[in-house]
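J.: Sequence and predicted structure are below.
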Amino acid sequence: MSPTERSLKALRADGWLCQVVEKWNPHSRTRLDLFGFVDILALRDGETLAVQATSRSNVSSRVNKIAEHENVAAVRKAGWRLQVWGWSKNSAGRWDVRVVDLS
C-alpha cells in the first residue's frame with residue numbers, strides 16, 4: 001500500500017471526505033500535484049485539508065519543497081490546512097504516520 005493509500009484510509013476512518021488530486025502525466029512520466037504540492041484534498045465540517053503523502057524518510061524534503069513553493073501562500077490565504085504525512089513501520093511492524101502541519 002502506498003503512502004497515499006494509507007493516508008486516504010486514515011483520513012476516511014477519521015470522517016474526512018477525500019480525493020486524490022495528483023495526476024499522472026504519461027508524456028513526461030511524472031506525477032503532477034495540485035498546486036505543485038497537494039496529493040490529497042480532504043473536507044470535513046467546514047475544513048479543507050491539503051495533504052502531501054510520503055515516506056517518513058522524505059518528510060523533510062517535502063516540507064522544504066512546500067515552504068519554498070510559489071503557491072503555498074495562496075493556499076494558506078484560502079484558509080486550507082496544509083500537512084505532510086510521512087509513513088514508516090515501527091519496531092512492532094505496524095505503520096505509523098508523522099504529521100507535520102504547515103498551515
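T.: Structure's in. What do you need?
J.: neighbours of residue 27, just the number please.
T.: Residue 27 has 5 neighbouring residues, counting by other C-beta atoms under 10 Å. Yep, even glycine has a C-beta here, placed from its N, CA and C like the rest.
J.: gap between it and residue 20?
T.: 20 Å (C-beta to C-beta, to the nearest Å).
J.: Give the buried residues for the helix or strand that contains residue 62.
T.: Per DSSP states H and E, residue 62 falls inside helix 59-67. For helix 59-67, burial by neighbour count (16 or more other C-beta atoms under 10 Å) applies to 59, 62-63, 65-66.
J.: Next, the most far-flung residue of the chain relative to its centre: phi, psi?
T.: Distance from the C-alpha centroid of the chain, by C-alpha atoms, centre = their mean, peaks at residue 92 (24.8 Å). Backbone torsions of residue 92, given as degrees, to the nearest 10, read phi -90, psi 0.
J.: so who does residue 30 touch?
T.: residue 24 (C-beta atoms under 8 Å, 6 or more residues apart in numbering).
J.: how about 6 Å then?
T.: Neighbouring residues of residue 30 by C-beta atoms under 6 Å, 6 or more residues apart in numbering: there are none.
J.: So what sits opposite it in the bridge?
T.: Judged by DSSP bridges, the bridge partners of residue 30 are residue 25.
J.: who does the longest helix along the chain touch, helix- and strand-wise?
T.: Taking DSSP state H as the criterion, the chain has its longest helix at helix 3-13. When contacts are defined as 3 or more C-beta pairs under 6 Å, 6 or more residues apart in numbering; DSSP states H and E, helix 3-13 packs onto strand 47-55, strand 81-89.
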